[in-house]
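Novice: Okay, predicted coordinates and the sequence, questions at the end:
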Amino acid sequence: NAGVPLTICVDKVAASGGYMMACIADKLLAAPFAVLGSIGVVASIPNFNKVLKKHDVDYELLTAGEYKRTLTMLGENTEEGRKKFVSDLEETHSLFKQFVSEYRPQLDIAKVATGETWYGKQALEKELIDAISTSDEYVNGLAKDCDIFQVKYSEKKNWQERLGVAAESALVRSFDRALASVLGNWNTRH
């Protein structure tokens, strides 16, 4: 929104939420072996209800709101709860696809929003990225046309701070020597 062009370089992985963050770039680059995509939604939940029943352990879950908890780890899950959970996953996937489509309108979203991942060259062919390049290659390419300066900032300490640091260092060294002397004498006697 600031009007500053944004280039994002993916050297390793931009999958699922990572791709969601990367796709907002004006220019999206990826290394040849970078993994991209995974435009999908997944959720899993173990269920221990049968184990609890086998050992005569009751589990109660109290909620307010019809769909406050559709699936649980300990309670008996229903088909209605499963359907609602899947419906929520599908809605999340739909929102994910809309988001990606907004920033990458050239994508055939139906072909890439399958949850699959692709390496750099495949991602380029599917228009998930704009070019193949590592971040080092990209930055070095920019550096050829620029004057680069290394800037180091350090705060000047006033004389009281400098004196305090020097005094503290001297005190620590004196303490270390005294301690070494005492321990050395103690070791020779025992």
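Specialist: Perfect, I can see it now. Numbers count the residues shown, from 1 in each chain.

Novice: so where do the strands sit in this structure?
Specialist: 7-10, 13-15, 27-30, 35-37, 117-119, 131-132 (DSSP state E).

Novice: quick one: the fifth one to chain centroid distance?
Specialist: Taking the mean C-alpha point of strand 117-119 and that of its whole chain, the gap between them comes to 18 Å (C-alpha atoms, centre = their mean, to the nearest Å).

Novice: which residues touch it?
Specialist: By C-beta atoms under 8 Å, 6 or more residues apart in numbering, the list of residues contacting strand 117-119 from outside reads Ala15, Pro32, Phe33, Ala34, Val35, Leu36, Gly37, Ser38, Lys126, Leu128. For the C-beta atoms, the positions are set from N, CA and C on the backbone; glycine is no exception.

Novice: Pairing partners for it, with directions?
Specialist: strand 35-37 (antiparallel) (DSSP bridges).

Novice: Same check on the first one?
Specialist: Paired with strand 7-10 in the same sheet, following DSSP bridges, are strand 27-30 (parallel).

Novice: Quick one: closest of the strands of the chain to Ser169.
Specialist: strand 7-10 (43.8 Å; C-beta to C-beta).

Novice: still on that earlier bit, redo the strands of the chain as a markdown table? Include distance to Tyr67.
Specialist: Shown next, in a markdown table, are the strands of the chain (distance: least, C-beta to C-beta, whole Å):
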| stretch | distance to Tyr67 |
| --- | --- |
| strand 7-10 | 37 |
| strand 13-15 | 29 |
| strand 27-30 | 37 |
| strand 35-37 | 31 |
| strand 117-119 | 32 |
| strand 131-132 | 44 |
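
Novice: sorry, back to before: can you tell me which two in the contacts of strand 117-119 are farthest apart?
Specialist: Longest distance between any two of the contacts of strand 117-119 is 18.0 Å, between Pro32 and Ser38; criterion C-beta to C-beta.
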